[in-house]
Structures are given as structure tokens and as C-alpha cells.
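# Build me a model:
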Amino acid sequence: MIYYAIVLFVLLIDQYSKWIIRNNLSLNESYPMIGDVLQITSIRNSGAAYGILEGEHWFFIAITVIMIGGILWYIRKVLKEKKKILAIASCFILGGAIGNFTDRIFYGKVVDFIQFNFHFTIFGHLFYPLQIFNIADSAIFFGVVLILINASFEWMKEKKVKKAY
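Numbering: from 1, shown residues only. Next up, the predicted model:
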């Protein structure tokens, strides 16, 4: 049950933060948090990251329903295998997916509001690496990072076992 509490926690924090944004900031309004580096900027996104597939509402609904089912199955599978880190990571991903799914169902678009303003240059090209995002996106990112860290440790463990033979 603790695993599904993680999902619920992510969902509630995400939806509460979006409720605050919807009710306190006009669309495209910004509020500085840490100078120009971190701002709260109210936008709506009808696509995926960086506006990819903008306006494909039913596509995102269908894909998310399939993903939710797959993640629920995966959580049960890794719990049976006693892989707790993978279960926790999957719960963060699931909570984030349900958070953005909830926005799409009720509002048709996802509320995004966290904006980091920094840039860097590589070979003379200017990059702004982060799009405006939300708590759900952050939870999904955190879950993926946990999976990658876990995979790295598993790979190192396998490598040690192979060296022992």
C-alpha cells in the first residue's frame, strides 16, 4: 500500500499546485521566485514536452490509459520480484502520468508553470535546455532517473559477477 500512497501523494501535490496556478495567475502571467533564474509562469500545453504533437488530445488520452495499465502491471511484477526501487520509481512515473492525464480529461490541456531561465552555449549555439513544466513532469523525470540509477547498479553488479568467474 505504501507504493500506491506515493502515487496518491504525487497526484495530490501536482493537482494542488496546478489549482493554485489556475486560480491565482492569468494565462502567460509570470511571478519571479529567485530573480530571473526561477519563475512561476502560467501556461497551458496541449502537446507533450516542448509542444510536440500539440492538439492531439485523444491520442494523449489513449496513450496515457495504455501507459497507466502497463505501469500498474509493472509495479505488481517488480514487487513480486522484490525490486522495491523499481516499484518506487514506477509509482513516481504513474503519479505524474495520472496528474497530467487528469488535466487533459478535465481541462483539455496540461497546466505548466515552473520555468528556469538559464542558457548555455555549445559550439557557438545558444541553448535553453528546459521547457516550462510542472510537478507531474518532475515526478516522471525523478522516476526515470531512479530507474537509470538502479540499472547502473545492476549492470555493475553483473559485471562483478562475470569477473569472478
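# Walking through the chain, point out its helices one by one.
2-24, 57-80, 84-107, 135-164 (DSSP state H).
# any idea which of those helices is most buried?
Counting by mean count of other CB atoms under 10 Å, helix 84-107 has the highest mean neighbour count of those, with a mean of 21. Heads up, the C-betas are built off the backbone N, CA and C, glycines and all.
# Which other helices and strands does that helix contact?
Of the remaining helices and strands, those touching helix 84-107 by 3 or more CB pairs under 8 Å, 6 or more residues apart in numbering; DSSP states H and E are helix 2-24, helix 57-80, strand 110-116, helix 135-164.
# any idea what sits nearest Val65, other than its immediate chain neighbours?
Nearest residue to Val65, sequence neighbours excluded (CB to CB, 6 or more residues apart in numbering): Phe101, at 7.9 Å.
# returning to that earlier point: in JSON lines, list the helices and strands packed on helix 84-107 along with mean pLDDT and distance to Arg44.
As requested, the helices and strands packed on helix 84-107 are exported to JSON lines (pLDDT from 0 to 100; distance: least, CB to CB, whole Å):
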{"stretch": "helix 2-24", "mean pLDDT": "97", "distance to Arg44": "9"}
{"stretch": "helix 57-80", "mean pLDDT": "95", "distance to Arg44": "12"}
{"stretch": "strand 110-116", "mean pLDDT": "94", "distance to Arg44": "6"}
{"stretch": "helix 135-164", "mean pLDDT": "90", "distance to Arg44": "14"}
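# Can you say which of those is nearest to Pro32?
Distance to Pro32, taken as CB to CB, is lowest for strand 110-116 among the helices and strands packed on helix 84-107, at 9.9 Å.
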